[in-house]
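J.: Here is a sequence with its predicted model. Questions after.
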Amino acid sequence: MSMDHRLKTLMEYVRILHLLALGTPKRAAIWTGMSSKSYWHLSRSLGTQTGMTNDWLKRQGLISIRDQWMKAHGYT
């Protein structure tokens, strides 16, 4: 087993564990974690969206572009 293969396997395993810790269903976490797609493409996957919800992102300190737009246009 080459070093590159070991690193890829380790990264997949870590990604799966993080998704499971966020509450993603096991099957979705495995499919997302083993995907070779970029993070940009994985952001639209079921595994990522069920674990990294809007509430979770807000707790991480990220602001919502939608909320900022609504505030700027007087909707809130």
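T.: The structure has been received and is ready for your questions.
J.: Is the spatially most central residue of the chain in a helix, a strand, or coil?
T.: Residue closest to the average C-alpha location in the chain (C-alpha atoms, centre = their mean): Thr48, at 3.6 Å. Classification of Thr48 using DSSP: H, G, I helix; E, B strand; the rest coil returns helix.
J.: so it touches Leu42, yeah?
T.: Yes. Here Thr48 lies in contact with Leu42, judged by C-beta atoms under 8 Å, at a distance of 5.5 Å. C-betas here are computed from N, CA, C, even on glycine.
J.: Pull up the overlap in contacts between these two.
T.: Thr32 (C-beta atoms under 8 Å, 6 or more residues apart in numbering).
J.: picking up where we left off before, from Tyr39, how far off is the residue nearest to the centre of the chain?
T.: To Tyr39, Thr48 is 9 Å away according to C-beta to C-beta, to the nearest Å.
J.: joint contacts of these two?
T.: Common neighbours of Thr48 and Tyr39 (C-beta under 8 Å, 6+ apart) do not exist.
J.: where does the protein dip in pLDDT?
T.: 1 (pLDDT under 70).
J.: What count of nearby residues applies to the residue lying closest to Lys26 once chain neighbours are set aside?
T.: Nearest residue to Lys26, sequence neighbours excluded (C-beta to C-beta, 6 or more residues apart in numbering): Leu20, at 6.6 Å. When neighbours are counted by other C-beta atoms under 10 Å, Leu20 registers 17.
J.: Using the three-state scheme, assign Leu20.
T.: Relying on three-state DSSP, one would call Leu20 helix.
J.: Ala29 is in contact with that one, correct?
T.: Yes. At 5.0 Å, Leu20 counts as touching Ala29 under the criterion of C-beta under 8 Å.
J.: Just checking the distance from the host helix or strand of Trp40 to the centre of its chain.
T.: Counting by DSSP states H and E, the element that carries Trp40 is helix 39-42. Taking C-alpha atoms, centre = their mean, to the nearest Å, the mean C-alpha location of helix 39-42 is offset from the chain mean by 8 Å.
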